[in-house]
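J.: from the sequence below, what's the structure:
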Amino acid sequence: MNIPKGKKIYFASDNHLGAPNKKASLPREKKFVAWLDEIKKDAAAIFLMGDLFDFWFEYKTVVPKGFTRTLGKLAEISDSGIPIYYFVGNHDLWMNGYFEEELNIPVYHKPKEFTFNDTSFFIGHGDGLGPGDKGYKRMKKVFTNRFCKWLFRWLHPDLGVKLAQYLSVENKLISGEEDAKFLGEDNEWLIQYCKRKQSEKHRDFYIFGHRHLPLEIALENNSKYINLGDWINYYTYGVFDGTTMELKTYSHQFK
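T.: Next comes the predicted model:
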């Protein structure tokens, strides 16, 4: 993808809309929508890196209630011709066509490589990658199993969504999250993952979410691992202008 002069690529991750409840989530959603409204003026593309929602499950004829502001803004931006790419996270594993059909937004379930102006990017949410985290990796296999998803779909949405929201907040094994504290390069599984991928093939940037920490870590051969942070505590996002990749903070306030 060639980035036209004056245009930029934007990256954001881990909004967890709906958590811990609708009232607390609403100001964060309004802030995110305001950010989308601002960046559409010079966006060549937008990458949403997972966990936009704290829970998302698509029944055949039902999707979770709410998030109208966000979905409407994404539809508007997509309809205007600005491409949006979505990478599912550990809280929204169960996407099954709604974003593609209603919003014209492609959805990816695994990391993917992109090239912008001859600069290579390896992009994904980040859950279950690298060494360790074996408990979550086993749980993820259950969540993505077709039979298990079929069983869950038989629960009435009022019951299924309520149960999943409770587990999302209370069970850290299911959420796949650790406390958002930097553990050091040797103990950060995503950094270890990026180092291994870099030893196999050079990429200029590795862009991930999931850790809820804004991080910029230098790798070998002038490569860099960037974690996008979140839209709960940091309101950080990434922007690539065709030459430079930066982490920035959105400061607009909503109540």
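
J.: could you use CA atoms for every contact and neighbour count after this?
T.: Noted.

J.: any idea how many residues pack against residue 217?
T.: 12 (other C-alpha atoms under 10 Å).

J.: actually residue 50, not the one I wrote
T.: 30.

J.: spatially nearest residue to residue 17 (excluding sequence neighbours)?
T.: Leaving aside its sequence neighbours, residue 17 sits nearest to residue 53 (C-alpha to C-alpha, 6 or more residues apart in numbering; 4.5 Å).

J.: phi, psi of that neighbour?
T.: Backbone torsions of residue 53, given as degrees, to the nearest 10, read phi -110, psi 150.

J.: surely it touches residue 16?
T.: Yes. Using C-alpha atoms under 8 Å, residue 53 is in contact with residue 16, at 4.4 Å.

J.: so what's residue 113 up against?
T.: For residue 113, the contact set (C-alpha atoms under 8 Å, 6 or more residues apart in numbering) comprises 120, 121, 122, 123.

J.: so what pLDDT did it get?
T.: We have a pLDDT of 98 for residue 113.

J.: what are the pairing partners of the host helix or strand of it, and which direction each?
T.: Element membership of residue 113, judged by DSSP states H and E, is strand 112-116. In the sheet, strand 112-116 lines up against strand 119-123 (antiparallel) (DSSP bridges).

J.: mind listing what's buried along the strand it pairs with?
T.: 119, 120, 121, 122, 123 (16 or more other C-alpha atoms under 10 Å).

J.: was I right to think the third one contacts residue 202?
T.: No. Applying C-alpha under 8 Å as the test, residue 121 and residue 202 come out as separate, 9.6 Å apart.

J.: ok, back up a step: I'd like the buried residues of strand 119-123 as JSON lines, with distance to residue 35 and pLDDT appended.
T.: Converted to JSON lines, those look like this (distance: C-alpha to C-alpha, whole Å; pLDDT from 0 to 100):
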{"residue": "119", "distance to residue 35": "25", "pLDDT": "97"}
{"residue": "120", "distance to residue 35": "25", "pLDDT": "98"}
{"residue": "121", "distance to residue 35": "23", "pLDDT": "98"}
{"residue": "122", "distance to residue 35": "24", "pLDDT": "98"}
{"residue": "123", "distance to residue 35": "21", "pLDDT": "98"}
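
J.: closest to residue 106 among these?
T.: residue 123 (14.0 Å; C-alpha to C-alpha).

J.: now do the closest one against residue 70, distance only.
T.: Note on residue 123: its distance to residue 70, by C-alpha to C-alpha, to the nearest Å, is 22 Å.

J.: what about the closest residue to residue 25 other than its chain neighbours, distance to residue 208?
T.: Distances taken as C-alpha to C-alpha, 6+ apart put residue 18 closest to residue 25, at 5.3 Å, once the chain neighbours are dropped. Per C-alpha to C-alpha, residue 18 is found 22 Å from residue 208.

J.: who has more neighbours out of those two?
T.: residue 208 (29 against 22).
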